[in-house]
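**Student:** Pasted the sequence and its predicted model underneath.
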Amino acid sequence: MKRIKVNSPIYNNKSGTLSIELSGEDEELSTVSIDFKTLLPFANLVKSQVKDFFFITCAVYGIDRFINRKYNSVDGWSRELQIEFPVSDIDIWNTVKENLEELLSFLTGDYWNIEFYESTYISPEFTLPIEFQESFKQVNLFSGGLDSLIGAVDYLSRHPEDKVLFASHYDPQMKGPKGDQEYLLMLLNKQYRGLFDYVPSIKVTLSETNIRRETTFRSRSILFIGIALIISQGKNIKDIIVPENGSVSLNYPLSPSRRTSCSTRTTHPFVLDRTNFILKEIGIQSIISNPYEFLTKGEMVDNCHDLEFLKKIIDFSNSCGKRGHRSSWKLPLATHCGVCMPCIYRQASLLNQIDKTKYGSSVNSLIPFKTKKSQDVGICLDFLKKDITREDIKTELIVNGIKNIDKLKNYVEVVWRTRVELKKWFTKNGNSVIKNKAGL
């Protein structure tokens, strides 16, 4: 078990950076650095539990990067983590201790054991900039991906009277997202000028560490929520929107091995429901929701409220999960690898549109599926070939964490339609070997 103490945050007035030091029992040290100057005016308007939650999400993100899975797992993947978090009121946080442990364990695939101690953090005074002093209807997360772009276009085209506030995160160790966000926002501003404001993307990164870093980012979603929460609470906005298609939200395991180690749970219904429960229990009035939970990615595209505008800018969004691994791409200057599951979902979703996205490799180039790069495609094809019933899907969703039985039928249908979407794309674009492997 790895024991980590999360030290109380320290704000540097000169640099505007907030630092959270992580210290292990074997002299492991790491620092999470947060560009907090941007958020500080919002933070000074919220109750202490909101700041606590945000600092916890930053620390979780740092711990996820700090503790290498290969050297610290109990089964090749899952780590046992004993963590001390600083909070403003220990008694309040102890009421949700088990729920927070369950949430983090589900999100990262690890075993979290949590303790709290009294924080010594002192917040300096900053006034909210004038552009954020007006009223906003809701806070929308904006990652630079296709789904968040559709969420932005849908809201802006449907609600010209209700201004929205966008929030984002970036890590300089992940190349691309910040540039994607800024360019897309520039295009959105030309089309919907004056209908939104945007809090500059918040940099949160593991800036220093004396041990080998972990390369996974499974905790990024909770950090996104932490950023949105501090902004929304600073503006007394109740609704936080996380736009993501139901296929990815549910992340139905394409094989038994992907129930844990290879399955991200960014907006899984359990994550959103448990987060909402925790916030309510500690007295924070916010509702985090995903309005696209019952739609496939293709349905999100085809049903976009301003589809003509979306089609003009769609190729500036980025969905690739492997954009930093270009050495094996056939076209190294492409924007997407073309063969990871996010890329496959994207290509399938654009089947009814003209897809101008540049992909580094084709699924047809991966035969005979013996390399790590071909792993996603091979597993996806095996999944499509299986004779799966709706009852099979229902059972798997329950095993994979779905607790809300009232929504279960809708979730089953999302998975069913996702399979249809993928089969149509492989039928049109796959060669004979690909089609045969998918049972097409």
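**Tutor:** Great, that's in hand.

**Student:** Dump the helix or strand encompassing L408 to PDB, restricted to CA.
**Tutor:** According to DSSP states H and E, L408 maps onto helix 408-429. Taking Å, rounded to 0.1, in the frame of the first residue of the first chain, the C-alpha atoms of helix 408-429 are listed here in PDB:
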ATOM      1  CA  LEU A 408     -31.100   1.000 -17.700                       C
ATOM      2  CA  LYS A 409     -33.300   0.300 -20.700                       C
ATOM      3  CA  ASN A 410     -32.200   3.500 -22.300                       C
ATOM      4  CA  TYR A 411     -28.600   2.700 -21.700                       C
ATOM      5  CA  VAL A 412     -29.000  -0.800 -23.200                       C
ATOM      6  CA  GLU A 413     -30.400   0.900 -26.400                       C
ATOM      7  CA  VAL A 414     -27.500   3.300 -26.600                       C
ATOM      8  CA  VAL A 415     -25.000   0.300 -26.600                       C
ATOM      9  CA  TRP A 416     -27.200  -1.500 -29.100                       C
ATOM     10  CA  ARG A 417     -27.300   1.500 -31.500                       C
ATOM     11  CA  THR A 418     -23.500   2.100 -31.000                       C
ATOM     12  CA  ARG A 419     -22.900  -1.400 -32.300                       C
ATOM     13  CA  VAL A 420     -25.000  -0.700 -35.300                       C
ATOM     14  CA  GLU A 421     -23.100   2.600 -35.900                       C
ATOM     15  CA  LEU A 422     -19.800   0.900 -35.700                       C
ATOM     16  CA  LYS A 423     -20.900  -2.000 -38.000                       C
ATOM     17  CA  LYS A 424     -22.000   0.500 -40.700                       C
ATOM     18  CA  TRP A 425     -18.700   2.300 -40.600                       C
ATOM     19  CA  PHE A 426     -16.600  -0.900 -40.800                       C
ATOM     20  CA  THR A 427     -18.900  -2.200 -43.600                       C
ATOM     21  CA  LYS A 428     -18.200   0.900 -45.600                       C
ATOM     22  CA  ASN A 429     -14.500   1.400 -44.900                       C
END
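
**Student:** In this protein, what residue spans correspond to strands?
**Tutor:** Along the chain, the stretches classed as strands by DSSP state E are 2-6, 10-12, 17-24, 29-35, 80-87, 111-118, 138-141, 164-167, 169-170, 196-198, 202-209, 239-241, 287-289.

**Student:** buried ones in the second one?
**Tutor:** Within strand 10-12, the residues that qualify as buried by neighbour count (16 or more other Cβ atoms under 10 Å) are Y11. Just so you know, the C-beta spots here come from the backbone N, C-alpha and C atoms, and that holds for glycine as well.

**Student:** next one: the fourth one
**Tutor:** Of the residues in strand 29-35, those buried by neighbour count under the rule 16+ other Cβ under 10 Å are 30-35.

**Student:** Now do that strand: everything it contacts.
**Tutor:** Residues lying outside strand 29-35 but in contact with it, judged by Cβ atoms under 8 Å, 6 or more residues apart in numbering, are 9, 16-23, 58-59, 61-62, 65-66, 202-211.

**Student:** Tell me the strands beside it, with direction?
**Tutor:** Applying DSSP bridges, strand 29-35 is found paired with strand 17-24 (antiparallel), strand 202-209 (antiparallel).

**Student:** now swap in the last one and tell me
**Tutor:** Paired strands of strand 287-289, with direction, are strand 239-241 (parallel) (DSSP bridges).

**Student:** Can you give me every residue that contacts L279?
**Tutor:** So L279 contacts 53, 229, 286, 288 (Cβ under 8 Å, 6+ apart).
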